[in-house]
Structure formats: C-alpha cells, structure tokens
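Engineer: Need coordinates for the following:
(one chain, ligands or ions: 2)
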Amino acid sequence: MKHYNCKEELKLIIKDYPFLCKICKKEKALIEIPSQKIKVCKNCYNNFFENRIKKTIEKYKMIKPQDKVGVFLSGGKDSSTLLFVLKKLYPDINLQAIFINLGIRYYSDKLEDLVKNFCKNLEVPLFIYNLPEKEGYRIDDFIFTYFKDKVCSACGAIKRYLFSKIAKELELNVIATGHHLDDTISVMLNLFFQGDFLGIAKLQPSLPPLFPNQVKKIKPLYTTPEKEILYYAILNEIPFENFKCPHANVTPSKKIKELLTKLEDENRQIKYQLLSVFTKKLIPLIKSNYKEEVLSLCIKCGEITSSQDKICSRCKRIELLEKIDNKTLELTKEEFEDYIKNLNSNWVLIDLKNRENLLNESTKKLKRFFKSYRDKHIFLTASEPEIGYLFTLKLRKLNFKAYNIKTV
Ligand code: SF4
Ligand code: ZN
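Structural biologist: Ligands and ions are numbered 1, 2, ... in the order given. Here you go, the predicted structure:
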C-alpha cells in the first residue's frame, strides 16, 4: 500500500483491494475515483479521467486539427497532467510546451530542470522564456514595492502579459491552461463574495480571441476535480514540483477551496452543483444585464487592457520596478565585503544556524528577535543559502533591510 500526502487535504491511497475493479470487473481494484466513490484498476481510472477531458474538449469545440496548441508549464501537477493527456488523446496535434523562468531564486531554476526532463521524455518541444535575461527583472524584485505582501498578484499580471506575447511569437492559435474544477469554483465564489459579477462571467471554459491577433484560451480540465488530477499524475508517474514558491500566500480562493473540500465530505457532488448553478443560471443572468467591458490596447506594450488610462496592469507594475535603484537581496561573501565599505558601521551580520526554527514561528516572534536591528542593514548566513533567502524575504516584508549571504 502506498500513501501519498502531497497536501493536507489531498490524501491518496493506492493499494491492492481484495476485490475487482468496479468498471472492468477483470483487474484488481487499486484506487478510488473520488467523485464517483468507486474503486477501480489503473486502466479504468485513466480511461475515466481522459474521457471526461475529451468530452469537455469536444463539447466546447476547444481544439481544431490544424491548431497549434501551447501549454504553459508551471512545473505543477495541473499543467503537466494537461500536457500529458493532450499528447495521449491527440498524438497528431501540433503541441508546444512553454516554460517561463520567473527568476524566483531557489525555485524557478529547479522547476526549469523538472520541466525540461518531462518534455524530453514526452517528446514535446519546449520553449523557455527567461524573464530576468529577456526583461531585466525578477518576480522577486516586487518585494521592494507595495506588492511585497501580494507578489502573486504582480506575478499573475506579468504572466498574463507573457502568455499573450509568447503566443504571438510562437504563432499559437490556442493556449490551454490547467485550471480545474476546484480552481473555477473557488474563484467564482471568491468573485461572488466581492460582488465582481463581470469577473464571474469571464470564467468560461473556452474564451475566443478578444481582439484580432490574440489567441483562444481553453481550460480542458474545467470539469476535472483537483484531487483526481493528483491521483492521475501519481498513477502515471508525471513529475511535478514538491517544493513551494517562496512567495506563495494563503489567498481567499485557497481558503474557499479548503472549505469546499470539507463540504464535499457531506455532498460529493457539491462542486458540480455549484458549477451548474453558476454556468446555467448566474452567468447568463449577468450577461443579459451587464454591458460589455470596453477594452483597448495598452499604450505601452500593446496588450489588451480594460483600464481607462490605457495602461495595462503589467505595465503599471513594471513602472514600480523601474523606480527601484537597488534591488540587492543576495550577495556572495566577496560582494558582501565590498558592499559594507559604504555602510560605515550601520550593519550587522547574523548567523542563523541555531535559530532557523524562527522561520516557522509567528511574525511577532520574528519581529521581536530582529527588533534591535531595525535601522541597520542585516546580513544573514544560514546552514543553506535557501534558508537565508527565505529569512531575507520574510524580513523584507516586515520592512527590515535584510540580505542573504550565499556562503555555500
Ligand atoms: Fe508567481 Fe505566486 Fe505562483 Fe510564486 S506562487 S509563481 S509568485 S503566482
Ligand atoms: Zn501594457
């Protein structure tokens, strides 16, 4: 028996059950299909999973045989599973994998290696876009702006812009994303609580190009629960990240997702019921009552925006980065020795080796520990540079002037 515990709420058990698969009745049952509450063999699990995706693709006419379909890989289970299934279901389609290296230290490069291997084994061409090399900034740089506590929001705007830019560069007709049922429902509910009904209406499984020269966006996993993607990825040995982005936060959508998972124990169809209410009742109502959003092209980058000043959210975020003249977060030992020459004695070097547990403590405790260094430049060393870097990011969020020293 194998237990996988990728996330608290996503537990998976694979074992030889002492009875046959409920679908084929030939092989031994190995795994449960969570949404159906039946135990099946690997083959039947895969067939069930892939057929539902195929049906979604066909129902919404997502892909035409002549399309060039791009899949942006994040290194996570959803986008990698999507690429794997598309390749299996449509072996003759022109598939293109894309990876954006966002320059997140101790994270993006690891993901790039993982994605490279995956695409090589799957024999799908991979295009890599290195953000720091191409555009001269990293997602980490947002720690110097008021987005420090919501880096994901800045990152999302940058990624949306890049999706569109890269799609044009690679002459894609379609972008397929790994948004699944749980994503859709949690975002819908979150927008509902905020009263953003137009936002809800935009959450469609297939979004046609809004302007000429734009691509169609499709979500083939729209009706697939997250848990079943995880099961499929593990069953089929699809590699995916088991490390966390240092900027990942608990967002309202994530909290709603956890709540839905709990509600599912009472009613296993709740997510499908909500999807049906939203798509069949609420979205048509919204569409009949709201005027179409006025869209224009950003005067800086040429991408679509609904902003009245015609400057898109990506360009507004880039303007913030342009105002920062010192983006130093990390130094080698030699760079550090050079750096402190201009700081007089206004700095302190802290070895975190015996205090690394502070990383998991409350913000209050962290603040208390570093309180006396509030006005100083704080240079940190730890047993591993990655740990020092995580401390640096945490302290920067609390407005300390922290830097990581790469000692290893
Ligand atoms: Fe970007 Fe946030 Fe995802 Fe990290 S967790 S890659 S910052 S969206
Ligand atoms: Zn722009």
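Engineer: separation between A97 and ligand 2?
Structural biologist: 26 Å (C-beta to the ion, to the nearest Å). C-beta here means a position set from N, CA and C on the backbone, and glycine is covered the same way.
Engineer: Use 55 as the first number from now on
Structural biologist: Yep, numbering from 55; the last one is A151 now.
Engineer: Over to that residue: give its phi and psi.
Structural biologist: Phi and psi for A151, reported as degrees, to the nearest 10, are phi -90, psi 150.
Engineer: Let me see the contact set for the nearest residue to S89 once chain neighbours are set aside.
Structural biologist: Nearest non-adjacent residue to S89, counting by C-beta to C-beta, 6 or more residues apart in numbering: P279, 5.5 Å away. By C-beta atoms under 8 Å, 6 or more residues apart in numbering, the residues touching P279 are P88, S89, H234, L235, D236, K325.
Engineer: Now that F73 has come up, it's in contact with A83, right?
Structural biologist: Yes: between F73 and A83 there is a contact under C-beta atoms under 8 Å: 5.7 Å.
Engineer: who has more neighbours, those two?
Structural biologist: Neighbours per residue (other C-beta atoms under 10 Å) separate F73 from A83, with A83 holding more: 23 against 10.
Engineer: Against ligand 2, how distant is the more buried one?
Structural biologist: In terms of C-beta to the ion, A83 sits 53 Å off from ligand 2.
Engineer: just the strands in the stretch 55-204 of the chain please.
Structural biologist: In the stretch 55-204 of the chain, the strands defined using DSSP state E, counting those that start in this stretch lie at 56-61, 64-68, 85-87, 92-94, 122-127, 148-155, 180-184.
Engineer: In TSV, list those strands along with mean pLDDT and mean neighbour count.
Structural biologist: Output for the strands of the stretch 55-204 of the chain, formatted as TSV (pLDDT from 0 to 100; neighbours: other C-beta atoms under 10 Å):
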stretch	mean pLDDT	mean neighbour count
strand 56-61	49	12
strand 64-68	65	15
strand 85-87	92	20
strand 92-94	94	20
strand 122-127	98	23
strand 148-155	98	22
strand 180-184	98	16
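Engineer: just so I know, which of these lies nearest ligand 1?
Structural biologist: Ligand 1 lies closest to strand 148-155 among those, at 9.2 Å (C-beta to the nearest ligand atom).
Engineer: Point me to the residue of the stretch 155-304 of the chain nearest ligand 2.
Structural biologist: Using C-beta to the ion, the point where the stretch 155-304 of the chain gets nearest to ligand 2 is Y215, with a distance of 6.6 Å.
Engineer: ok, now which ones touch the closest residue to K281 other than its chain neighbours?
Structural biologist: Spatially, and ignoring its direct neighbours in sequence, K281 is nearest to P88 (5.0 Å; C-beta to C-beta, 6+ apart). By C-beta under 8 Å, 6+ apart, the contact set of P88 is P279, K281, E282, Y285, R322.
Engineer: Let's see which of those end up in strands.
Structural biologist: The members of the contacts of P88 all map outside strands under DSSP state E.
Engineer: Can I get the strands of the stretch 55-204 of the chain in a markdown table including distance to L351?
Structural biologist: Output for the strands of the stretch 55-204 of the chain, formatted as a markdown table (distance: least, C-beta to C-beta, whole Å):
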| stretch | distance to L351 |
| --- | --- |
| strand 56-61 | 40 |
| strand 64-68 | 41 |
| strand 85-87 | 45 |
| strand 92-94 | 50 |
| strand 122-127 | 21 |
| strand 148-155 | 22 |
| strand 180-184 | 22 |
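Engineer: a markdown table please, covering those strands and showing distance to ligand 1.
Structural biologist: Output for the strands of the stretch 55-204 of the chain, formatted as a markdown table (distance: least, C-beta to the nearest ligand atom, whole Å):
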| stretch | distance to ligand 1 |
| --- | --- |
| strand 56-61 | 14 |
| strand 64-68 | 17 |
| strand 85-87 | 29 |
| strand 92-94 | 33 |
| strand 122-127 | 12 |
| strand 148-155 | 9 |
| strand 180-184 | 14 |
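Engineer: Would you mind saying which of these lies nearest S330?
Structural biologist: Closest to S330 of those, according to C-beta to C-beta: strand 85-87, at 19.6 Å.
Engineer: Contacts for that closest one, please.
Structural biologist: By C-beta under 8 Å, 6+ apart, strand 85-87 touches 66-68, 92-96, 99, 102, 282, 285, 289.
Engineer: at 10 Å instead, please
Structural biologist: Applying C-beta atoms under 10 Å, 6 or more residues apart in numbering, the contact partners of strand 85-87 are 66-69, 71, 75-77, 92-96, 98-99, 102-103, 279, 281-282, 285-286, 288-289.
Engineer: What residues are bridge-paired with the nearest residue to E166 once chain neighbours are set aside?
Structural biologist: Excluding the flanking residues, the one nearest E166 by C-beta to C-beta, 6+ apart is N155, at 5.2 Å. Beta-bridge pairing of N155 under DSSP bridges involves N184.
Engineer: hang on, N155 packs against F181?
Structural biologist: No: when contacts are counted by C-beta atoms under 10 Å, N155 is not listed as touching F181 (11.3 Å).
Engineer: Return the residues of the stretch 55-204 of the chain in contact with ligand 1.
Structural biologist: L156, I193 (C-beta under 6 Å from any ligand atom).
Engineer: Show me the helices in the stretch 205-354 of the chain, by range?
Structural biologist: Taking DSSP state H, counting those that start in this stretch to define them, one finds helices in the stretch 205-354 of the chain at 205-223, 235-248, 251-255, 280-289, 306-320, 324-330, 337-343.
Engineer: Mind checking these for the one nearest to C299?
Structural biologist: Comparing the helices of the stretch 205-354 of the chain against C299 with C-beta to C-beta, the closest turns out to be helix 205-223 (8.3 Å).
Engineer: And the average pLDDT for that closest one is what?
Structural biologist: Averaging pLDDT along helix 205-223 gives 95.
Engineer: does ligand 1 sit close to it?
Structural biologist: Yes: Helix 205-223 lies within reach of ligand 1 by C-beta under 6 Å from any ligand atom, at V205, C206, C209, G210.
Engineer: Measure how buried the first one is and give me the count.
Structural biologist: The number of residues packed around V205, counting by other C-beta under 10 Å, is 23.
Engineer: and if you look at the second one?
Structural biologist: For C206, the tally of surrounding residues (other C-beta under 10 Å) stands at 17.
Engineer: Can you name the residues that contact it?
Structural biologist: Shown in contact with C206 (C-beta under 10 Å, 6+ apart): I193, F196, K213, C299, H301, A302, N303, T305.
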